[in-house]
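> Have a look; sequence and predicted model below, questions after that.
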Amino acid sequence: MKLIVMGPRGKMGREVTAAAAARPQIQIVGGVGAPGRDYIGSDIGSVAWIGSLGAPVVDDLSEIIDECDAIIDFTNVEESMKVLRLAVARGKALVCGTTGFSEEQRQAFADAGASIPVMLSANTSRLVTVMYQLLAAAAAYGGNDLDVEIVDMHDNTKIDAPSGTALEMGQVIADAKGISLKDNMVCGREGIDPRKKGTIGFHSLRGGDVCSHHTVRFFGSGEVLEIAHHSDSFRCFASGAVDAAEFLVHQKPGCYSMSDMTGIKTLQR
């Protein structure tokens, strides 16, 4: 597989570059950085601090996109929408882990599935994929008898809250409960406002250099079920994203998920 990495100097881009470079079946053909950065024109390996890989970093995806089979993108909303449009135009598989998209922008990814194999996933960890299934099972079993609270914790540079992963977890739970997440989510609490039955609470903590921690609690009568995932580095997400790209290049056009890639089926009640 021939791969392009978006944002190879970023914290996720560096890890994706390292994860892909470690696989002999993958050839990194280039990276794309922001215009004006001092590393444009340099070798992507040196940009990602892992040594020479023999592929350049450019500032325009269109310069090298025809050389690749797949693109991995963890940049920002504006850049990712440009990448999506170009991937569709050139028929390239795309894994996007950027978060913070609007509903209209998410629909653009869904529409792209008519032309290319695409995966939009806020979290590309294999174990988070397992966690989603556990959440679905707990939510389906408990229904509205259980109060649900989701806490996400990230570093102080994280710009969106709740996190994309927290929102995906909330959607998994809402789907299992047969309710609308949009109509039943509550972000933070203050003042005098009793908890409404059936709602899903979200709380976001931001500080230091915390990588990614998500905890979901199901509160019952006299008991609490806690399901959590803690990551102290971005390596698990990078490895999962590379796995996803290798999966996508063998698929027909369509919208795929990490569950599709791992083959993990939803747990039954």
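Right, received. Where do you want to start? Residues are numbered from 1 along each chain as shown.

> most centrally placed residue in this protein?
Of all residues in the chain, the one closest to the mean position by CA atoms, centre = their mean is residue 122, 2.2 Å from it.

> how near is that one to residue 100?
Distance from residue 122 to residue 100, counting by CB to CB, to the nearest Å: 9 Å. C-beta coordinates here come from the backbone N, C-alpha and C atoms, glycine included.

> Look at residue 180 and say how many residues are nearby.
11 (other CB atoms under 10 Å).

> hey, what's in contact with both of residue 122 and residue 100?
In the contact map built from CB atoms under 8 Å, 6 or more residues apart in numbering, the residues linked to both residue 122 and residue 100 are residue 164.

> does residue 166 really touch residue 204, like I thought?
Yes: under the contact definition of CB atoms under 8 Å, residue 166 touches residue 204, with a separation of 7.2 Å.

> so what sits against both of the two?
Any residue near both residue 166 and residue 204 by CB under 8 Å, 6+ apart counts here, and that gives 151-152.

> Pick out whichever of those two has more residues nearby.
In terms of neighbours (other CB under 10 Å), residue 166 is the more surrounded of residue 166 and residue 204; the figures are 28 against 17.

> secondary structure element for residue 31?
When elements are defined using DSSP states H and E, residue 31 is found to belong to strand 27-32.

> quick one: buried residues of whichever helix or strand comes after that strand?
On the C-terminal side of strand 27-32, the closest following helix or strand by DSSP H and E is helix 44-47. Judged by neighbour count (16 or more other CB atoms under 10 Å), helix 44-47 contains these buried residues: 44-45, 47.

> got a list of contacts for helix 44-47?
Here helix 44-47 makes contact (CB under 8 Å, 6+ apart) with 5, 8-9, 17, 21, 28, 30-31, 33, 39, 51-57.

> Could you list the low-confidence segments of the protein?
When residues are selected by pLDDT under 70, those of the chain lie in 265-269.

> Go again with 50.
Segments of the chain classed as low confidence (criterion: pLDDT under 50) are 267-269.

> hey, where'd the strands end up in it?
Across the chain, reading from the start of the chain, the strands by DSSP state E fall at 2-6, 27-32, 57-58, 70-73, 93-96, 117-120, 147-154, 185-187, 200-206, 212-219, 224-231, 254-256.

> got those strands as JSON lines, with distance to residue 107 columns?
Converted to JSON lines, these look like this (distance: least, CB to CB, whole Å):
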{"stretch": "strand 2-6", "distance to residue 107": "21"}
{"stretch": "strand 27-32", "distance to residue 107": "25"}
{"stretch": "strand 57-58", "distance to residue 107": "29"}
{"stretch": "strand 70-73", "distance to residue 107": "18"}
{"stretch": "strand 93-96", "distance to residue 107": "14"}
{"stretch": "strand 117-120", "distance to residue 107": "11"}
{"stretch": "strand 147-154", "distance to residue 107": "24"}
{"stretch": "strand 185-187", "distance to residue 107": "19"}
{"stretch": "strand 200-206", "distance to residue 107": "22"}
{"stretch": "strand 212-219", "distance to residue 107": "25"}
{"stretch": "strand 224-231", "distance to residue 107": "28"}
{"stretch": "strand 254-256", "distance to residue 107": "11"}
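
> which stretch among those strands comes nearest residue 172?
Taking CB to CB as the criterion, strand 212-219 is the member of the strands of the chain that comes nearest to residue 172, at 9.5 Å.

> which other residues reach that closest one?
Contacts to strand 212-219, defined as CB under 8 Å, 6+ apart, come from residues 123, 128, 131, 135, 138-139, 142, 146-154, 163, 165-166, 169, 173, 224-231, 234, 237.
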